[in-house]
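**Q** dropping a prediction and its sequence here:
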Amino acid sequence: MEEWFHYPLLIFVGFIVGFINTVAGGGSLITLPVLIFLGLPPSVANGTNRVAVVVQNFMGGAGFKSKGVSTYPFNIYLGISALFGAILGAYIAVDIKGDTFNKILAIIMMIVVLIIIFKPKLKTEDLYEKITGKQLWLGIIAFFFFGIYGGFINAGLGFIIILFLHYVNQLTLVKANATKVVVVLIYSLAALVVFVLNDKVIWLVGLVLAIGTGSGAWFASRFSVKKGDEFIKSFLVIMVVIMAIKLWFFT
């Protein structure tokens with residue numbers, strides 16, 4: 001990254017990605033190719049991207065909390081479980097390339113779309129939060145495995161987390177998003193440490209990208225609370241379709 005205009009480009013891309021990741025997910029499918037295009041080796045791009053992910057989710061969590069939206073301590077329990085998975089996932093993150101992997105992920109994204117569209121709608125007034133007992137333990141187990149994937153590459157995981165929290169724990173989409181950003185913050189910190197210890201992080205690039213992602217996340221978190229579940233559902237469908245098409249046809 002020797003050109004001066006690379007840095008404002010990163011801030012601009014980061015803002016868009018911060019918004020996308022906070023409301024839906026899949027933003028790393030944008031930032032990783034951008035970082036690689038700018039000259040970073042894939043493993044270094046993967047590690048450097050975690051700096052922006054950490055800042056983005058910290059700002060997103062702060063934004064949701066400023067609007068009074070939180071699921072504490074439920075989000076912390078899930079985050080700790082995902083943290084242990086993320087450490088394992090980060091250690092096996094030796095190569096983020098592979099057409100077969102991208103096509104499998106594209107199929108997963110389309111399955112997510114079908115679930116969003118055809119799953120019986122849960123009306124907000126009918127939702128009864130299930131964040132204790134059996135549902136809590138089910139979440140803890142599931143988020144350990146989510147953490148493994150999150151530590152490995154993280155791209156597209158936000159979609160799955162939101163749907164799990166909405167349909168298994170019956171959180172509103174706004175609360176599911178608020179929970180997601182805290183969980184991702186916790187496990188991303190662990191993954192970042194692993195990448196740092198293995199010299200896979202370029203701090204200047206990561207922090208510049210983080211300026212954008214943090215700003216986008218703060219704006220998105222407060223904006224999504226104002227707009228509510230219908231906005232998030234529509235945004236989810238649009239983003240999942242776009243990401244699936246990109247993965248299948250443009251890798």
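**A** That came through, no problem. Numbers count the residues shown, from 1 in each chain.
**Q** residues near Val237, how many?
**A** Residues near Val237, counting by other Cβ atoms under 10 Å, number 15. Backbone N, C-alpha and C define where each C-beta goes, glycine included.
**Q** again, but for Tyr167
**A** Residues near Tyr167, counting by other Cβ under 10 Å, number 14.
**Q** not including adjacent chain positions, what is the nearest residue to Thr22?
**A** Spatial nearest neighbour of Thr22, chain neighbours left out: Ala220 (3.8 Å); criterion: Cβ to Cβ, 6 or more residues apart in numbering.
**Q** helices and strands around the host helix or strand of that neighbour, which ones?
**A** Using DSSP states H and E, Ala220 maps to helix 203-227. Packing partners of helix 203-227 (3 or more Cβ pairs under 8 Å, 6 or more residues apart in numbering; DSSP states H and E): helix 6-23, helix 28-37, helix 42-66, helix 173-197.
**Q** wait, which of the ones you listed is closest to Gly151?
**A** Of all the helices and strands packed on helix 203-227, helix 173-197 sits nearest to Gly151, with 4.3 Å by Cβ to Cβ.
**Q** contact partners for the residue nearest to Thr22?
**A** Listed by Cβ atoms under 8 Å, 6 or more residues apart in numbering, the contact set of Ala220 reads Gly18, Phe19, Ile20, Thr22, Val23, Gly60, Gly63.
**Q** quick check: pLDDT value at the fifth one.
**A** Meaning Val23. Model confidence at Val23, given as pLDDT, is 83.
**Q** burial count for it?
**A** Neighbours around Val23, by other Cβ under 10 Å: 27.
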